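> sequence first, then the predicted structure:
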Amino acid sequence: AAPSALSARAADRIFTGAAMPDGADTVVMQEDVEVTPAGVVLPSGIVRGANRRPAGEDIARGSVAIPAGRRLRPQDLALAAAIGRDAIPVRRALRVAVFSTGNELTEPGGARAASGIHDSNRVMLIALLRRLGADARDLGILRDDPDVLAARLREAAQGHDLILTSGGVSVGEEDHVKNAVAAAGSLAFWRLAIKPGRPVAMGVVAGTPFVGLPGNPVAAFVTLAFVVRPLLDRLSGAVHTEPRGMPVRAAFALSRKPGRREFLRVCVHRAADGACEATLFPRRGSGTITSLTGSDGFADVPDHLGRIDPGDFLAFHAFAAMW
């Protein structure tokens, strides 16, 4: 039953979460008051309106609770539940076909030729895509045959929202992916001014978007994070937000040729003055997977910058916060 109305300078006992009596404007915790034969003695310093929860203080009737295009987070689900919604409309997960390309590749666990390598990109890319909520589908390794590549790309276009390959998009004689895309559809562009990750190809195959990532693992990681992710958001109906790097202080010097945005693998530690400092991972090759497993994230170097000196600040993208 609803509590009875209160007159001025009167108090009533209620429990946490209960409706306040009409006329009441403040709640004082029971453990902070003293009950005497003469009445209830309140502690000093009570502010009128304390400990109450007015209707609509969290979200007003008619206002937008969860905007369209948001990738749902646990707190969004809590808000939906709080306003009584047991279901909300969402987009289905994107279906992404993932290939690796190259005659030199073998499956992890399989027999490897002396000059061959185990396919690590496909495992990494599928795991990253699934962390982003995509329905990533493993379509194996494509051999360096232009006709086979074109045919398999056409097949993958049926039933998928995006085709993603790695390798075969550089300038070698056996890099056939660009031509296969052009034969099966159309190539929109090739190469971006980023490092690592310059040889990226984008196009359309039988109406399905296509992205060809570089074969070097670090370059594939970078291009998925900073090139493919905005496309995934667009295709899924999500509003893309550019990653905001945390400023860190460089504890290294580096001269570089301007003209490309560069992602340096760095380790971050707390300096004596409390600031976060970044040191370069010692091995910087784009095929060095240990530079991903042994570092904390990327220092984002703008394309116009030709030199980094100790004390300069760079945007830092932590691996732990990227996915």
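It's in. Computed from a predicted structure; not experimentally measured.
> Lys257 contacts His304, doesn't it?
No: look at Lys257 against His304 with CB atoms under 8 Å: they stay out of range, at 11.3 Å. For every residue, glycine as well, the C-beta is placed using N, CA and C.
> for Pro310, give me its contacts.
For Pro310, the contact set (CB atoms under 8 Å, 6 or more residues apart in numbering) comprises 250-253.
> which stretches of the stretch 1-150 of the chain form helices?
Secondary structure of the stretch 1-150 of the chain, counting by DSSP state H, counting those that start in this stretch: helices at 74-82, 121-131, 146-157.
> which helices and strands sit right next to the strand ranked longest in the chain?
In the chain, with assignment by DSSP state E, the single longest strand is strand 261-270. Where contact means 3 or more CB pairs under 8 Å, 6 or more residues apart in numbering; DSSP states H and E, strand 261-270 is packed against strand 194-195, strand 276-280, strand 297-301, strand 313-318.
> now the last one: buried residues?
With burial defined by 16 or more other CB atoms under 10 Å, the residues of strand 313-318 counted as buried are 314, 316-317.
> what's the next secondary structure element after that strand?
helix 319-322 (DSSP states H and E).
> who does that next one touch, helix- and strand-wise?
Under the contact definition 3+ CB pairs under 8 Å, 6+ apart, helix 319-322 sits against strand 297-301.
> now the strand it packs on, how far from the centre of its chain.
Offset of strand 297-301 from its chain centre (CA atoms, centre = their mean, to the nearest Å): 15 Å.
> could I get the buried residue list for the worst-scoring helix or strand of the chain on mean pLDDT?
One helix or strand of the chain scores below all others by mean pLDDT, DSSP states H and E: helix 177-184, with a mean of 87. By 16+ other CB under 10 Å, the buried positions in helix 177-184 come out as 177-178, 180-181, 183-184.
> ditto for stretch 128-140
Buried-residue list, stretch 128-140, by 16+ other CB under 10 Å: 128-129, 132, 134, 136-137, 139.
> tell me how far that stretch is from the chain's mean position?
Per CA atoms, centre = their mean, the centroid offset for stretch 128-140 relative to its chain is 14 Å.
> show me what that stretch is in contact with.
Contacts of stretch 128-140 (CB under 8 Å, 6+ apart): 71, 93-100, 122, 125-126, 152, 156, 160, 164, 221, 224-225, 229, 232, 236, 323.
> measure that stretch end to end?
16 Å (CA to CA, to the nearest Å).
> repeat for stretch 300-319
13 Å.
> in space, what's closest to His269 - neighbours in sequence excluded?
Glu277 (5.9 Å; CB to CB, 6 or more residues apart in numbering).
> same deal with Gly294?
Gly294's closest residue in space is Phe281 (CB to CB, 6+ apart), at 6.2 Å.
> show me what contacts that neighbour?
264-267, 291, 294-295.
> if we go to 6 Å?
Each residue near Phe281 by CB atoms under 6 Å, 6 or more residues apart in numbering is listed here: 265, 291, 295.
> surely Asp119 and Thr101 touch.
No: using CB atoms under 6 Å, Asp119 is not in contact with Thr101; the gap is 9.7 Å.
> these two: which has the busier surroundings?
A direct count of neighbours by other CB atoms under 10 Å for Asp119 and Thr101 places Thr101 higher, at 28 against 21.
> my read: that one touches Leu164, true?
No: between Thr101 and Leu164 there is no contact, the gap being 11.1 Å when judged by CB under 6 Å.
> model confidence score at Gly172, please.
Here the pLDDT value assigned to Gly172 is 59.
> typo on my end, Arg9
82.
> swap in the one 3 residues further on?
Confidence per residue is given as pLDDT, and for Asp12 that number is 88.
> how far away is it from Leu42?
Remark: distance between Asp12 and Leu42 (CB to CB, to the nearest Å) = 13 Å.
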